[in-house]
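In: Here is a sequence with its predicted model. Questions after.
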Amino acid sequence: MNSDLVAVLDLGSTKVTCLVASADGADGMTIDAVASVPCKGMRRGQVADMSEVSRAIADVVRRVELGVEEDIESLVVGVSGAHIEGISSQGYKPIVPAGRKLTHQDVLEVINHSRSVTIPADREQIQSLPREFRVDGQRNVHKPVGMPGSKLEVLTYIATGQSSSLQNIEQCVNGAGKRVEQMLIQSLASGVGVLTPEEMDLGVAVVDIGGSTTDVAIFVNGSIAFSASIPVGGIAVSSDLSQLLKTSPEEAERLKLESGSALAKLVDDKDSVEVLQLGQPSARPMQRKVLCEIIQSRMKEIAKLVGKQIDLSNLGALLPGGIVLTGGGSALPATDQVFTDVLPRFKVRIAEPSLGKKVPKQVGMATAVGLASFTIQCFDELTPAEGELPWRDRVKSLFSILSR
Ligand SMILES: Nc1ncnc2c1ncn2[C@@H]1O[C@H](COP(=O)(O)OP(=O)(O)OP(=O)(O)O)[C@@H](O)[C@H]1O
Ligand SMILES: [Mg+2]
């Protein structure tokens, strides 16, 4: 593939998305092609059906290859789920001769030093993200390159994942005839996909309501400080409808997409919807408000669980940027109002990234766009220094987010 192009893969629980983008100017990016195919082989970030996921990857990548008229050999893949954990770590590097200007290499080495922490044998590191550099004890340095110093320290956020889960994902990509270029955490990607640099500096929580998970990531001082994955999303909303209204899963999904609202009080008492129940020969009218009350109770639960994670992070007081909602699950009308009702201390907005001029807007794209944007910003760090190293052996770091 043309080396200026970056290909990314978002393995969601309802669809697999492949996106190809290229760097455009100083910090811009052009999206050249996007395709999504339905896939039920992923569940809460874990591979549940390897052949289904491999088939979907092969299918979606082929569509994008046709769009860009290039072969894609390797992909940057987003990973998520309850097995992803974040730990704080520190790195240290004495500078010799003392007082010389710090280089890019020093920064890479100090981040690598922070990665020499012991983690359980069944887990591995995915990314090491610098949160703050310190030069000769001076705190809160974001761009140390070029500063004179004799001692460089870094505080990092290290994302780790269960080895078996990561290996399964890699096998699915290999099964589709492709290679994993790099793995990145999805919640970070969703943040990069929809947040403004100002929000990241101010302090903000990005909440990606997907099919089977709601991913939460908190950004403070321009970098990620917390991430968590809640095992509930839009699929639970539809399955509540299917169970309580006694419909097929497809009918429940249709009702949600065509007539759903996350806030029942916004719906007129007189509004009615036609519902086809299982075992019935034809659809029957039902108050639309009843449908929306079922949806509302699940959406409220999701908002409460997000609030709990923010409390757990101990960063709730540092979020003047509030909560930014994204993901297909946030496309339900009035989702922002439900979050405002449940978590009134935060301002709330819904965001979907723009896909540029070549691609029509669609929901659930924040992760894919963020994966591409992150990769383009960090291109130097992701590119192997010598030859074709496997993704695990590369430096998995991030500076660019600090300099956005
Ligand atoms: N217009 C819409 N209104 C309401 N819900 C929607 C809409 N569009 C999509 N959804 C819901 O969004 C969910 C899928 O969102 P998304 O595409 O972000 O998930 P995913 O990335 O496949 O899953 P995950 O991130 O959990 O692995 C589904 O439950 C779907 O019903
Ligand atoms: Mg998703």
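Out: Yep, that arrived. Ligands and ions are numbered 1, 2, ... in the order given.
In: any residues touching stretch 81-94, and which ones?
Out: 44-46, 106, 109-115, 117, 119, 123, 126, 128, 131, 150-162, 165, 185, 187, 213, 224, 226-227, 229, 231 (C-beta atoms under 8 Å, 6 or more residues apart in numbering). (Each C-beta comes from the backbone N, C-alpha and C, glycine too.)
In: Which ones among the residues you listed also lie next to ligand 1?
Out: Thr213 (C-beta under 6 Å from any ligand atom).
In: Now, the contacts of stretch 81-94 that are in strands?
Out: 46, 123, 126, 128, 131, 151-162, 185, 224, 226-227, 229 (DSSP state E).
In: Restrict those residues to the buried ones and give me that as a ChimeraX selection.
Out: The following ChimeraX line selects those of those that are buried, judged by 16 or more other C-beta atoms under 10 Å:
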select :46,123,126,128,131,152,153,154,155,156,157,158,159,160,161,162,185,224,226,227,229
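In: Among the ones in strands among the contacts of stretch 81-94, which ones lie close to ligand 2?
Out: For ligand 2, no contacts are drawn from the ones in strands among the contacts of stretch 81-94 by C-beta under 5 Å from the ion.
In: In contact with Ala236, which residues?
Out: Contacts of Ala236 (C-beta under 8 Å, 6+ apart): 212, 298.
In: And the pLDDT for it?
Out: Ala236 carries a pLDDT value of 98.
In: That one and Gln162: what is the separation?
Out: 23 Å (C-beta to C-beta, to the nearest Å).
In: Kindly report the same for Ala366.
Out: Remark: distance between Ala366 and Gln162 (C-beta to C-beta) = 24 Å.
In: Equivalent analysis for Val60, please.
Out: Distance from Val60 to Gln162, by C-beta to C-beta: 25 Å.
In: Also Pro38?
Out: Taking C-beta to C-beta, one finds Pro38 at 26 Å from Gln162.
In: Same question for Val338.
Out: 32 Å.
In: got it, and Val34?
Out: From Val34 to Gln162 the distance is 29 Å (C-beta to C-beta).
In: Mind listing residues that contact stretch 133-146?
Out: 101-104, 106-107, 110, 132, 147, 149-155, 221-222, 399, 402-403.
In: Give me the ChimeraX select line for those residues, limited to the buried ones.
Out: In ChimeraX, a selection of the buried entries from the contacts of stretch 133-146 looks like this (16+ other C-beta under 10 Å):
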select :102,106,107,110,132,149,152,153,154,155,222,399,402
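In: The residue nearest to Ala225 when sequence neighbours are not counted pairs with what?
Out: Leaving aside its chain neighbours, Ala225 sits nearest to Ile218 (5.2 Å; criterion: C-beta to C-beta, 6 or more residues apart in numbering). In this entry, Ile218 is beta-bridged to Ala205, Phe226, by DSSP bridges.
In: Dump the C-alpha coordinates for stretch 278-297 into PDB.
Out: Output of stretch 278-297 as PDB, limited to C-alpha atoms (Å, rounded to 0.1, in the frame of the first residue of the first chain):
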ATOM      1  CA  LEU A 278     -44.300 -12.900  17.900                       C
ATOM      2  CA  GLY A 279     -47.000 -15.400  16.900                       C
ATOM      3  CA  GLN A 280     -49.400 -12.600  15.700                       C
ATOM      4  CA  PRO A 281     -50.500 -12.500  12.100                       C
ATOM      5  CA  SER A 282     -50.300  -8.800  11.800                       C
ATOM      6  CA  ALA A 283     -49.000  -5.600  13.500                       C
ATOM      7  CA  ARG A 284     -51.100  -3.900  16.100                       C
ATOM      8  CA  PRO A 285     -51.000  -0.200  17.300                       C
ATOM      9  CA  MET A 286     -49.300   0.600  20.600                       C
ATOM     10  CA  GLN A 287     -48.700   3.900  22.400                       C
ATOM     11  CA  ARG A 288     -45.300   5.200  21.300                       C
ATOM     12  CA  LYS A 289     -44.700   6.500  24.800                       C
ATOM     13  CA  VAL A 290     -44.600   2.900  26.200                       C
ATOM     14  CA  LEU A 291     -41.800   2.000  23.700                       C
ATOM     15  CA  CYS A 292     -39.900   5.100  24.800                       C
ATOM     16  CA  GLU A 293     -40.300   4.400  28.500                       C
ATOM     17  CA  ILE A 294     -38.600   1.000  28.100                       C
ATOM     18  CA  ILE A 295     -35.800   2.700  26.200                       C
ATOM     19  CA  GLN A 296     -35.500   5.500  28.700                       C
ATOM     20  CA  SER A 297     -35.100   3.100  31.700                       C
END
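In: Establish whether it and ligand 1 are in contact.
Out: No. Applying C-beta under 6 Å from any ligand atom, one finds stretch 278-297 separated from ligand 1 by no less than 8.9 Å.
In: Which positions within that stretch qualify as buried?
Out: For stretch 278-297, by 16+ other C-beta under 10 Å, it's 286-289, 291-296.
In: can you check stretch 68-76 too?
Out: 68, 70, 72, 74-76.
In: who's in contact with that stretch?
Out: 1-2, 5-9, 18, 20, 32-33, 61, 64-65, 173, 178-184, 371-372, 375, 382.
In: Please measure how far the first residue of that stretch sits from its last one.
Out: Length of stretch 68-76, first residue to last, C-alpha to C-alpha, to the nearest Å: 17 Å.
In: For that stretch, give the mean pLDDT please.
Out: 94.
In: before we move on, the earlier item: so which of the buried residues of stretch 278-297 are in strands?
Out: Per DSSP E, the buried residues of stretch 278-297 map to strands at 286-287.
In: Identify, from the buried residues of stretch 278-297, the entry nearest to Val53.
Out: Ile295 (28.8 Å; C-beta to C-beta).
In: Going by residue numbers, what spans are helices in this protein?
Out: 50-68, 104-114, 163-175, 186-194, 197-202, 234-245, 249-259, 288-313, 335-342, 366-377, 379-382 (DSSP state H).
In: okay, the ones you listed, which one's buried deepest?
Out: helix 186-194 (a mean of 30; mean count of other C-beta atoms under 10 Å).
In: Could you list every helix and strand in contact with that helix?
Out: strand 74-79, strand 204-209, strand 214-220, strand 223-230, strand 323-326, helix 366-377 (3 or more C-beta pairs under 8 Å, 6 or more residues apart in numbering; DSSP states H and E).
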